[in-house]
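>>> generate a structure from the sequence data that follows.
(chains A and B)
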Amino acid sequence: MALEETGGGTMSNSILFDTPGPKARRRILIINILGALLAVGIVAWIFFGLAAKGQMQPEQWDDFVQGSTWKNYLLPGLLNTVKAAILGIIGSVIFGLVFGVGRLSQNKLINGVCTVIVEFFRAVPVLLMIVFFNVFFSRSLELPGDTALWAVVAALIFYNGSVVAELVRSGVHNLPKGQREAGIAIGLTRGMSLRHIEIPQALVAMLPALIGQFVVILKDSALGYIISFNELLFFARTYSSPNGNVLQALIVTAVIFILINFTLGKIAELVSKRLSTRIKKDKNAPAVVGTTAVTFAETGSQAGSKDQ
Amino acid sequence: MENYLSIFTEYDIPGAFWVNIQLTFWAAIGALVLGTILALLRISPVASFQAIGTSYVNVVRNTPLTIIILFAVLALYGQLGFTLGGDFQANFFRLAVLGLAVYHAAFVCEAIRSGVNTVPLGQAEAARAIGLSFLPAARLVILPQAFRGAIVPLGNTLIALIKNSTVAAVGSVATESSSVMKTMIEFRSDIVIPIFLTFAIGFVIIVIPVGLLTTWLSKKLAVAR
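Numbering: from 1, shown residues only, chains lettered A, B, ... in the order given. The predicted model follows:
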């Protein structure tokens, strides 16, 4: 394994660079120190730059360590963000399963309709859908509760559900052919083999990419800001505008998002590692899954194991 | 029908899409430059460079684009007084481009890195075995293959960027398509669905050829292994 040879360096290192000798190691050490100084320099430059502009006053940051700010603004906002994200996730998985299976159907009509729907919603910007659903729902449908919430959730479901549908489809396609053949050999119909043999395996295999998609859903829920959906970003903005600390509020909001998403990303990585040790042949990586981190990690490990 | 057609004379729909294409064009250049630098940092054998690249990617990739563009407009411009020149409108446009470039650079970085990761280790070993030193090995053997491996993820990032250019609406770029559509459906409530479909199909027309081109290129240039 490449990983062990270079003592824990990443794969890409070992591809471009040979294991360094004593001279190169010394040179790397010097550049390393310069790099560390550069990093500290950048952070200091940002910090003192902000301080020089008077953005580091304690009273500007004070708000965000006070219980009342969290109780009245940030936590209710976060609650709505999480609500939209969870509804979006549940809806997307259901939508994705229905249309993913539809795209695997041998009936040309079902297959065609599902393909058109999935390809259409993958190409339309989520923001466009949010704006549309917001107006459409408030004019033509009587929905219980917050219309803005439903508009965000609907847009999240149509876009991310289409992405999940592709995950399901490619997950089934990437299974070894023998799985389906074995199912048919023991007398199952095509549909039964899909339901009982292929889809359960595909679902497990697509889990890392699916969790990666949750990050996308959570991030996109912040688009609700534009239709004044009461989510975290909207609350942070409304709260900070009169206090003149929008910059600070945006940084705090971003940190909250980063912490949640980073944790989700780590979970996806763990699950992916778990699966790749469980399934020997690297058939578990879905082919093309947008721009999630997980896919990149997968392609990398695929290439690596192919080389063995 | 006439009712519907009138929206094309009342509003400049192609112009709205043109703004999105311009946003995408400039942001793509910025993201490509910044993303390549980040990828080089992450690929380098220097731990501190790797840490800089990794932190950038982890921070930016996990932040909603909405926050980044709002930050450019409200924090950088509004609170710190940072401008990118031009008149009011041009400044907002450029700030939106900045936000889009900063956000997508993280994805470009990961695309390039994943391209490098598709090159099997044996290729580098073979290059060294025939006596190529670092630069010739990188230029003749590794990078041409890495570039081909990066086509699909780079294409996906470009598609995401085209769609995400609508988020410039958050940054007060009122001429781009999602803002124009918003105004239109608020004034023409009789034809909300046709207006939405018009804009949606506009994006489908822009995005699908990019996807097809990416697939075609990646197949044509695929490295036979």
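>>> tell me the secondary structure for A:Gly145?
coil (DSSP: H, G, I helix; E, B strand; the rest coil).
>>> contacts only, for it.
Contact criterion Cβ atoms under 8 Å, 6 or more residues apart in numbering or on different chains gives no residues in contact with A:Gly145. Using the backbone N, CA and C atoms, a C-beta is placed for each residue, glycine as well.
>>> how near is it to A:Ala84?
12 Å (Cβ to Cβ, to the nearest Å).
>>> same thing with B:Ala174?
From B:Ala174 to A:Ala84 the distance is 26 Å (Cβ to Cβ).
>>> kindly report the same for A:Ser276.
32 Å.
>>> isn't B:Ile13 right up against B:Val180?
Yes - using Cβ atoms under 8 Å as the test, B:Ile13 is close enough to B:Val180 to be in contact (7.0 Å).
>>> host element of B:Val173?
Remark: B:Val173 resides in no helix or strand, with elements defined by DSSP states H and E.
>>> do A:Ala44 as well
A:Ala44 belongs to helix A:22-52, assigned by DSSP H and E.
>>> any residue of the helix or strand following that helix touching chain B?
The helix or strand immediately downstream of helix A:22-52 is helix A:58-62, counting by DSSP H and E. No - judged by Cβ under 8 Å from any Cβ of the partner chain, helix A:58-62 stays clear of chain B, getting no closer than 9.9 Å.
>>> show me which of B:Ala174 and A:Ala84 is the more surrounded one.
A:Ala84 (29 against 15; other Cβ atoms under 10 Å in any protein chain shown).
>>> what's the pLDDT at A:Thr292?
On pLDDT, A:Thr292 comes in at 35.
>>> the nearest residue to B:Val207 once chain neighbours are set aside - how many residues pack around it?
Among residues not flanking B:Val207 along the chain, A:Ala123 sits closest, at 4.2 Å (Cβ to Cβ, 6 or more residues apart in numbering or on different chains). Neighbour count of A:Ala123, defined by other Cβ under 10 Å: 23.
>>> you'd agree A:Ala123 is up against B:Gly202?
No - applying Cβ under 8 Å, one finds A:Ala123 not in contact with B:Gly202, separated by 10.0 Å.
>>> for A:Phe137, the count of nearby residues, please.
Neighbours of A:Phe137 (other Cβ under 10 Å): 17.
>>> got a list of what it touches?
Here A:Phe137 is in contact with A:143, A:147, A:150-151, A:154 (Cβ under 8 Å, 6+ apart).
>>> okay, now residue 186: neighbour count?
Using chain A here. 9.
>>> wrong one, I was asking about chain B
Around B:Glu186 there are 11 residues (other Cβ under 10 Å).
>>> all helices of the stretch 201-308 of chain A, in order?
A:207-221, A:232-240, A:246-278, A:293-307 (DSSP state H, counting those that start in this stretch).
>>> show me what contacts residue 220?
No chain specified, so I'll use chain A. With Cβ under 8 Å, 6+ apart, A:Asp220 has these contacts: A:88, A:126, A:155-156, A:159-160, B:64.
>>> what is the burial count for B:Thr166?
29.
>>> what helix or strand is the nearest residue to it once chain neighbours are set aside on?
Spatial nearest neighbour of B:Thr166, excluding adjacent residues (Cβ to Cβ, 6+ apart): B:Ser178 at 3.9 Å. In this assignment (DSSP H and E), B:Ser178 forms part of helix B:177-187.
>>> quick check: buried residues in that helix?
B:177-182, B:184-185 (16 or more other Cβ atoms under 10 Å in any protein chain shown).
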